[in-house]
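> Following is a predicted model, sequence given first.
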Amino acid sequence: MKINPLTYAEVSRPMYVLEEARLRENLNLIAHVAKEADVEIILAFKAYALWRTFPIFREYIKATTASSLFEARLGFEEFGAPTHTFSPGYTDYEIDDIAHCSSHLVFNSLTQYERYHVRAKIENEKLSFGLRVNPEYSEVETLIYNPCAAGTRFGISANKLPDTLPKDVEGFHIHCHCESGSDVFERTLVHIEEKFAKWFPQLKWINFGGGHLMTRKDYDVQRLIRILQGFHKRYPWLKIILEPGSAFAWQTGPLVAQVVDIVKDHDIKTAILNVSFTCHMPDCLEMPYHPAIRNAKLSDEDGSAKGEYTYRLGANSCLSGDWMGSWDFDHALQIGENIIFEDMLHYTTVKTNMFNGISHPAIALLHTDNELEILREYTYEDYRERMD
Ligand SMILES: Cc1ncc(COP(=O)(O)O)c(C=O)c1O
């Protein structure tokens, strides 16, 4: 089916639509940075794991990063390459399988390293070990996204690292950005080097984590390349790895939903939709943030506005707080018309759930010729089989 991506008028059921042209633009930019800066950039599955699209990714990148056994398996089996894996808590019942599916294994603490490094190497002798270190500096202001906040459970601080690292530790892993610019990376790198450069001669690689939002329009890509080239000059033996997630799927497509009813209380109009914030756009409530809606303007964030064409958008779940608002439209909303939530691919598609048994939106790929391919539709069986 051919689609007009300006209106999605041909779509009459909820659907996440990944636009291949926009994805390829992001992949091209990421591959350009990797080449110019001589670094490896890998995909973080936590942000994006639509495995049917991996053949497109493989044209541009070679590896992925996993944070669990299932993500590691997905990389190994579906992406076709062992993963760079980090988890704050490996367990007796998963470590062997994780080791089997990984090329790099990063430990969050020295106790986790002690407990599992021998066993992991027995399973996979090619594994390269790393330690997650805590630079104790992050400019991320939203607390739930700041891995360096006091009391953090992530990484080893410099004062707890032995002068001589264990012999089989080959890398450091640092993650302290979130949707950040290259200026933030530049300032953070000063702290990282101050704290950790004395160990660099003992290492082969350094992973600067995710949160480098290089595909955002205002991101200074040249500056990122310059920063990385400068780091190479200072430490030429270190291979540099970046593992963004959002940057790959940033602005690559919407969630298309439909209006199913309009209700009114205390003069506040709510358009009831066939999607849910808590099920299908959970970051809107969790982060929280108000999504951009095509052809509508956010008029207030507390949902009390009462203009002629002003609406809260309400979900089809039973959670009272499952609504957001308010948005101004340029006409009275009609039952059946599309509401297009912009930029709903990264994180959203991996975090959805089937609370209330609400129908899960389909996932589709819009090819560059505007042909729509449905990748996945969800059925009652998907709901039933999550439980017993
Ligand atoms: C360790 C690690 N690596 C990579 C990422 C990906 O970050 P982003 O999607 O912001 O680029 C995250 C996100 O939380 C992370 O915790």
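Ah, there it is. Quantities reported herein were computed from a predicted structural model and do not represent experimental measurements.
> what about the residue in the chain positioned nearest to the ligand, which SS state?
Minimum separation of the chain from the ligand (C-beta to the nearest ligand atom) falls at residue 210, amounting to 2.4 Å. For the C-beta atoms, the positions are set from N, CA and C on the backbone; glycine is no exception. Secondary structure for residue 210, judged by DSSP: H, G, I helix; E, B strand; the rest coil, is coil.
> Test my guess that it contacts residue 248.
No - counting by C-beta atoms under 8 Å, residue 210 does not reach residue 248; the two are 10.0 Å apart.
> what sits in contact with each of these two?
Common neighbours of residue 210 and residue 248, using C-beta atoms under 8 Å, 6 or more residues apart in numbering, are residue 47.
> next SSE after the top strand by length along the chain?
Longest strand in the chain, counting residues (DSSP state E): strand 255-265. Next in sequence after strand 255-265, counting helices and strands by DSSP states H and E, comes strand 268-273.
> Tell me the helix or strand right after that next one.
helix 277-280.
> what residues does the chain put near the ligand?
44, 46-47, 86, 175, 178, 209-211, 243-247 (C-beta under 6 Å from any ligand atom).
> please redo it, this time with the cut-off set to 5 Å
With C-beta under 5 Å from any ligand atom as the criterion, the chain meets the ligand at residues 44, 47, 175, 209-211, 243-246.
> Tell me which entries of these lie within helices.
residue 246 (DSSP state H).
> Dump the residues of the chain next to the ligand to a markdown table, plus pLDDT.
What follows is these, written out as a markdown table (pLDDT from 0 to 100):
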| residue | pLDDT |
| --- | --- |
| 44 | 98 |
| 47 | 98 |
| 175 | 97 |
| 209 | 98 |
| 210 | 98 |
| 211 | 97 |
| 243 | 98 |
| 244 | 98 |
| 245 | 98 |
| 246 | 98 |
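> Among the residues of the chain next to the ligand, name the buried ones.
44, 47, 175, 209-211, 243-246 (16 or more other C-beta atoms under 10 Å).
> Could you check how far residue 178 is from residue 184?
In this view, residue 178 and residue 184 are 9 Å apart by C-beta to C-beta, to the nearest Å.
> Grab the nearest non-local neighbour of the most centrally placed residue in the chain.
Closest to where the C-alpha atoms of the chain average out (C-alpha atoms, centre = their mean) is residue 47, at 2.0 Å. Excluding the flanking residues, the one nearest residue 47 by C-beta to C-beta, 6 or more residues apart in numbering is residue 245, at 2.4 Å.
> Spell out which residues sit in contact with that neighbour, please.
43-48, 210, 346-347.
> change it to 6 Å
Taking C-beta atoms under 6 Å, 6 or more residues apart in numbering as the criterion, residue 245 is in contact with 44, 46-48, 210.
> Next: residue 300.
residue 326.
> Try it again at 8 Å.
Neighbouring residues of residue 300 by C-beta under 8 Å, 6+ apart: 325-326.
> Ok, residue 98 next?
Counted by C-beta under 8 Å, 6+ apart, residue 98 has contacts 69, 72, 85, 87, 90, 105, 120.
> So the fifth one, which state does it fall into?
With three-state DSSP as the basis, residue 90 sits in coil.
> Let me know whether it touches residue 113 as I believe.
No - using C-beta under 8 Å, residue 90 is not in contact with residue 113, being 9.7 Å away.
> Now the common contact residues for those two.
What both residue 90 and residue 113 touch, as defined by C-beta under 8 Å, 6+ apart, is the set residue 107.
> Name the SS class of the nearest residue to residue 186 once chain neighbours are set aside, please.
Distance criterion C-beta to C-beta, 6+ apart; nearest residue to residue 186, sequence neighbours excluded, is residue 227 at 5.3 Å. With three-state DSSP as the basis, residue 227 sits in helix.
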